[in-house]
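S.K.: Mind folding the following:
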Amino acid sequence: MSRDGADAGERKARKSAGKRRQPLKATPEGLERSALYYLERYDSSSGHLRRLLRRKILLSARVHGTDPEEGAAAVERLIARLTGLGLLDDARYARERVRGLLARGTSAAMIRAKLRGKSLPAALIEAALESEDCAGEGRELRAALRYAKRRRLGPFRVEKRPGERAERRDRDLAALGRQGFDYETARRVVDSEDPAALEAELDAG
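M.R.: Below is the predicted model of the structure:
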């Protein structure tokens, strides 16, 4: 291929890429297609989906001059319809997210922060946490153990040289603290000499 031909091809590719980046006009039908496509791939809270669709509305208003208020009203109608059909269920979403985050060793404080980030009401977040008994000390300790095991902190650390675990104690405590675990919970995990026994104690309790 000649250089002129290559240049023409590059210009055409850039032009096509520019067209692809052009946001679509936000119509009720287009918003519904976007919402259903998203829900086919991900579970979502109604608040999170609303936020995504409103971004499309604002972009459409800026590029195409569409009315953002009409778009916002269309989104509310769509959210109500999807909720009525059961495709959106904030209570179910909150419960499933709590279970999944607990399995990963997430603290109750961090779970609250993550679910607030999905625009869930505080009452639904607390109800989901209560359904999993997240208020108990044992639940937090178990979650901290899971997190420490996943990140190889404290007793789960593989020492490359003698004394490395002790040297990194403060870092490990800080790592758990950043995940929302209180100091006493973090200390019990990081200083544990037998995490399996600690977990067995929780199971027995």
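
S.K.: Residue 195 and residue 153 touch, don't they?
M.R.: No - using CB atoms under 8 Å, residue 195 is not in contact with residue 153, being 10.4 Å away. C-beta here means a position set from N, CA and C on the backbone, and glycine is covered the same way.

S.K.: joint contacts of those two?
M.R.: Counting by CB atoms under 8 Å, 6 or more residues apart in numbering, the contacts common to residue 195 and residue 153 are residue 189.

S.K.: Show me the shaky parts of this protein.
M.R.: 1-21, 133-137, 205 (pLDDT under 70).

S.K.: which residues in it form helices?
M.R.: For the chain, helices defined by DSSP state H occupy the ranges 3-21, 28-41, 46-64, 68-84, 90-103, 108-116, 122-131, 137-151, 164-167, 169-178, 183-190, 195-204.

S.K.: can you list the ones you listed in JSON lines and add mean neighbour count and distance to residue 157?
M.R.: Shown next, in JSON lines, are the helices of the chain (neighbours: other CB atoms under 10 Å; distance: least, CB to CB, whole Å):
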{"stretch": "helix 3-21", "mean neighbour count": "9", "distance to residue 157": "46"}
{"stretch": "helix 28-41", "mean neighbour count": "14", "distance to residue 157": "37"}
{"stretch": "helix 46-64", "mean neighbour count": "17", "distance to residue 157": "36"}
{"stretch": "helix 68-84", "mean neighbour count": "15", "distance to residue 157": "46"}
{"stretch": "helix 90-103", "mean neighbour count": "17", "distance to residue 157": "22"}
{"stretch": "helix 108-116", "mean neighbour count": "18", "distance to residue 157": "21"}
{"stretch": "helix 122-131", "mean neighbour count": "16", "distance to residue 157": "30"}
{"stretch": "helix 137-151", "mean neighbour count": "19", "distance to residue 157": "9"}
{"stretch": "helix 164-167", "mean neighbour count": "12", "distance to residue 157": "5"}
{"stretch": "helix 169-178", "mean neighbour count": "16", "distance to residue 157": "7"}
{"stretch": "helix 183-190", "mean neighbour count": "19", "distance to residue 157": "9"}
{"stretch": "helix 195-204", "mean neighbour count": "12", "distance to residue 157": "11"}
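
S.K.: Turn those into TSV, including distance to residue 158.
M.R.: Shown next, in TSV, are the helices of the chain (distance: least, CB to CB, whole Å):
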stretch	distance to residue 158
helix 3-21	46
helix 28-41	37
helix 46-64	38
helix 68-84	47
helix 90-103	23
helix 108-116	25
helix 122-131	33
helix 137-151	12
helix 164-167	9
helix 169-178	13
helix 183-190	15
helix 195-204	14
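
S.K.: Break this protein into its domains for me.
M.R.: 23-88, 89-135, 136-205 (automatic domain parsing).

S.K.: surely residue 179 meets residue 108?
M.R.: No - look at residue 179 against residue 108 with CB under 8 Å: they stay out of range, at 10.7 Å.

S.K.: Identify the residue nearest residue 198 in space, chain neighbours excluded?
M.R.: Nearest residue to residue 198, sequence neighbours excluded (CB to CB, 6 or more residues apart in numbering): residue 192, at 5.2 Å.
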